[in-house]
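Chemist: Sequence and predicted structure below; questions after.
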Amino acid sequence: MEQSVRTTRMLRALLPPWAHERIGATPAQPSYVADDGFPAEMSVNWSGAHPELRVLFDGLGHDVAPPPESGFRRLQRVHETFTVRGGRPSPAPLWHSIAWRPPSRIVHKTYFGLYPWPHAHREIAVAEAMDRLGMARAWDDARRRIEAVEGNREIEFFAVDLADEAEARVKVYYRNHGAGLAEVNRVAAVALRHDAEDARVAYQTLAGDREDAGEAALSCLAFRSGLDRAAESTTYLRLPDLAASDEEAVERTAALLHREGVDPGRFRLLTAALAPGPLTETRILELVSYRTAGRRGDVTTYFRFPVYDRSLTPVDLA
């Protein structure tokens, strides 16, 4: 109980000013985070001895500054690149996340949303940011490899881990359009550490009998200092499109966790506790991601809660 109280206080201190406002019947400013406009999601990574809890939230125009010890200098090096002063058509929306895996310390991350811009501006901004971080060669390599993979995709986010350690990552997210499972696997194979066969089985477990990756599957390439190539890749599949209900989505995810050597019991309990009704009727398990980077059970489950009536506040994800 004491730990729960301490964590709640910490979260309240880190959230932007909108966290203290009443939710209301409709979002005052619809967010791109969820398709009903709610500006936050919760996720859990199931690898390791203890799951990692993550909360991601949209700043909605508020500048949320992480603690100085969290690698803020790294963020300062690229921040201007994603603003009007950096030559962009508008400031990139800022998302932030905090991740906590007991007993480790809190990890902070910042995401620049590139989705409002023309594609050319996204490409230019990412290239400039990677150059400022000393990762231009790795980005050039990844970009060439990505362009060699047939299909339709666009850069959607640029993200930085706010830490000074060598393990801190810089990440570029692609949204795939009309992709098959084989295509997203080829995109993931751009990274240095990727097991294509393990990934193929994992994707198929989540997709069931379908060969396509569903609506708007995401591909994330992670870059680390000292490497001239993308280090790792993560693929995100959207379960509401691939499964008939949360019940089916949970069963497929549980099967993947079991295959990865993770007891799915806690995942089942968590989903049942978060769902507002029977799993046969709900849609809160939005994304499941899978990464093959030498760590078993690297599966993350993303929960988005039905806060608003979607028919009243549609958010365009095109």
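Modeler: All right, it came through fine.
Chemist: just the strands in the stretch 1-150 of the chain please.
Modeler: Ranges of strands within the stretch 1-150 of the chain are 40-45, 52-58, 94-100, 107-113, based on DSSP state E, counting those that start in this stretch.
Chemist: Show me what the second one packs onto, helices and strands only.
Modeler: The helices and strands touching strand 52-58, judged by 3 or more CB pairs under 8 Å, 6 or more residues apart in numbering; DSSP states H and E, are strand 40-45, strand 94-100. Every C-beta, even on glycine, is put in place using the N, C-alpha and C of the backbone.
Chemist: Am I right that residue 83 is in contact with residue 91?
Modeler: Yes - contact criterion CB atoms under 8 Å: residue 83 and residue 91 qualify, at 5.0 Å.
Chemist: For residue 214, see how far away residue 196 is.
Modeler: From residue 196 over to residue 214 the distance is 19 Å, taken as CB to CB, to the nearest Å.
Chemist: ok, these two, which is more surrounded?
Modeler: residue 214 (20 against 12; other CB atoms under 10 Å).
Chemist: rewinding a little: now the weakest link among the helices and strands packed on strand 52-58, please, by mean pLDDT.
Modeler: With a mean of 91, strand 94-100 has the lowest mean pLDDT of these.
Chemist: buried set for that one?
Modeler: 94-100 (16 or more other CB atoms under 10 Å).
Chemist: Run through the residues that contact residue 235.
Modeler: Contact analysis of residue 235 by CB atoms under 8 Å, 6 or more residues apart in numbering lists 184-185, 187-188, 199, 203, 213, 217-220, 289-291.
Chemist: For it, give the beta-bridge partners.
Modeler: With DSSP bridges as the criterion, residue 235 is bridged to residue 219, residue 290.
Chemist: Assign a three-state SS to residue 254, would you?
Modeler: Of the three states, residue 254 takes helix under DSSP: H, G, I helix; E, B strand; the rest coil.
Chemist: On the pLDDT front, check it for me.
Modeler: On pLDDT, residue 254 comes in at 98.
Chemist: Rounded mean pLDDT for stretch 105-119, please.
Modeler: On average, stretch 105-119 scores 93.
Chemist: Please point out which parts of it sit buried.
Modeler: Buried residues in stretch 105-119 (16+ other CB under 10 Å): 107-115, 117.
Chemist: Just give me the closest of those residues to residue 257.
Modeler: Nearest to residue 257 among the buried residues of stretch 105-119 is residue 107, at 22.1 Å by CB to CB.
Chemist: Quick check: chain neighbours aside, which residue is closest to the closest one?
Modeler: residue 99 (4.5 Å; CB to CB, 6 or more residues apart in numbering).
Chemist: my guess is the one you found meets residue 106, correct?
Modeler: Yes - Residue 99 sits in contact with residue 106 when judged by CB under 8 Å, with a separation of 7.2 Å.
Chemist: returning to what we had before: please name the bridge partners of the residue nearest to residue 107.
Modeler: Bridge pairing for residue 99 - DSSP bridges - gives residue 54, residue 107.
Chemist: what bits of the stretch 201-318 of the chain have low per-residue confidence?
Modeler: By pLDDT under 70, the low-scoring segments of the stretch 201-318 of the chain are 310-318.
Chemist: Going along the chain, name the strands of it.
Modeler: Going by DSSP E, counting those that start in this stretch, the stretch 201-318 of the chain shows strands at 218-224, 232-238, 285-291, 299-303.
Chemist: Tabulate those (JSON lines), appending distance to residue 145.
Modeler: Below are the strands of the stretch 201-318 of the chain laid out as JSON lines (distance: least, CB to CB, whole Å):
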{"stretch": "strand 218-224", "distance to residue 145": "9"}
{"stretch": "strand 232-238", "distance to residue 145": "11"}
{"stretch": "strand 285-291", "distance to residue 145": "18"}
{"stretch": "strand 299-303", "distance to residue 145": "24"}
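Chemist: Out of the ones you listed, the one nearest residue 54 is which?
Modeler: strand 299-303 (7.7 Å).
Chemist: so how far is the closest one from its chain's centroid?
Modeler: Taking the mean of its C-alpha atoms, strand 299-303 sits 9 Å from the chain's own mean (CA atoms, centre = their mean, to the nearest Å).
Chemist: of the strands of the stretch 201-318 of the chain, which approaches residue 27 most closely?
Modeler: Closest of the strands of the stretch 201-318 of the chain to residue 27 is strand 285-291, at 16.9 Å (criterion: CB to CB).
Chemist: Against which helices or strands is the closest one packed?
Modeler: helix 196-207, strand 218-224, strand 232-238, helix 239-242, helix 246-259, strand 299-303.
Chemist: Which residues does that strand contact?
Modeler: Identification of contacts with strand 285-291 by CB under 8 Å, 6+ apart yields 34, 41, 43, 199, 202-203, 206, 218, 220, 232-240, 246, 249-250, 253, 256, 271, 298-304.
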